[in-house]
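[1] Generate a structure from the sequence data that follows.
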Amino acid sequence: MAEPLGKTSLPIEDIITPESVDFWPLAIGWWLLLILSFIVMVGLFLIYKKHKKKWGYRKQALYLLEQTFKKWKAKKSSNEDTCHELLTLLKRTAITAYPDQSISSLHGEAWLDLLNSQTPSPLFDKAMRNVIRTQQYQKKVNVDINTLKNICEQWIKQHKSQWKFTVKGEND
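    Have a look, this model is predicted:
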């Protein structure tokens with residue numbers, strides 16, 4: 001029987017393992033991926049900023065609208081006060097949405113025409129126009145607060161946004 005071979009009996013050298021691959025410097029593919037990721041992150045940030053600018057005031061207006069309506073439902077506010085608060089909220093929202101226009105001085109038909117022109121379909125019909133035009137200044141208001149609240153909510157959600165998104169330095 002043959003004698004088993006040991007480590008020292010063969011003239012073979014040990015296996016030489018290659019050096020491990022270093023993380024740095026990065027290959028061109030990784031550089032491209034990093035640059036692309038950075039561009040995507042900047043783009044998402046700009047989209048978020050635009051969305052926040054476009055919808056931030058609307059969310060605040062809808063919150064105030066709900067608070068006013070809850071106060072009325074809890075009988076803590078009269079119809080007259082609630083009507084006045086809802087219409088004031090509409091005016092404040094319009095002034096915020098269209099800062100370049102002189103909205104604060106509008107009243108009556110001109111105000112209602114502006115409100116109706118900024119939505120896909122007119123929200124203020126003849127009866128509601130009459131209420132807003134005349135009865136808001138009366139001691140006793142004959143208005144359906146639910147309907148007025150719904151119209152205000154629709155206008156806040158649907159009105160055209162005049163915000164123009166520009167990067168600083170673009171027009172310089």
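[2] How much space separates the spatially most central residue of the chain from residue 156?
    In the chain, the C-alpha nearest the mean C-alpha coordinate belongs to residue 55, at 3.1 Å (Cα atoms, centre = their mean). Using Cβ to Cβ, to the nearest Å, residue 55 is found at 10 Å from residue 156. Every residue, glycine included, has its C-beta placed from N, CA and C.
[3] how close does residue 22 sit to residue 34?
    17 Å.
[4] With neighbour numbers in mind, choose between the two.
    Applying other Cβ atoms under 10 Å to residue 22 and residue 34 shows that residue 34 carries more neighbours, namely 11 against 7.
[5] so how far is residue 48 from that one?
    For residue 34 relative to residue 48 (Cβ to Cβ), the value is 21 Å.
[6] Kindly report the same for residue 85.
    32 Å.
[7] Contact partners for residue 77?
    Contacts for residue 77 (Cβ atoms under 8 Å, 6 or more residues apart in numbering) come out as 68, 71, 85.
[8] Taking those residues, please make a PyMOL selection of just the buried ones.
    Filtering these down to the buried ones (16 or more other Cβ atoms under 10 Å) takes a single PyMOL command:
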select buried, resi 68+85
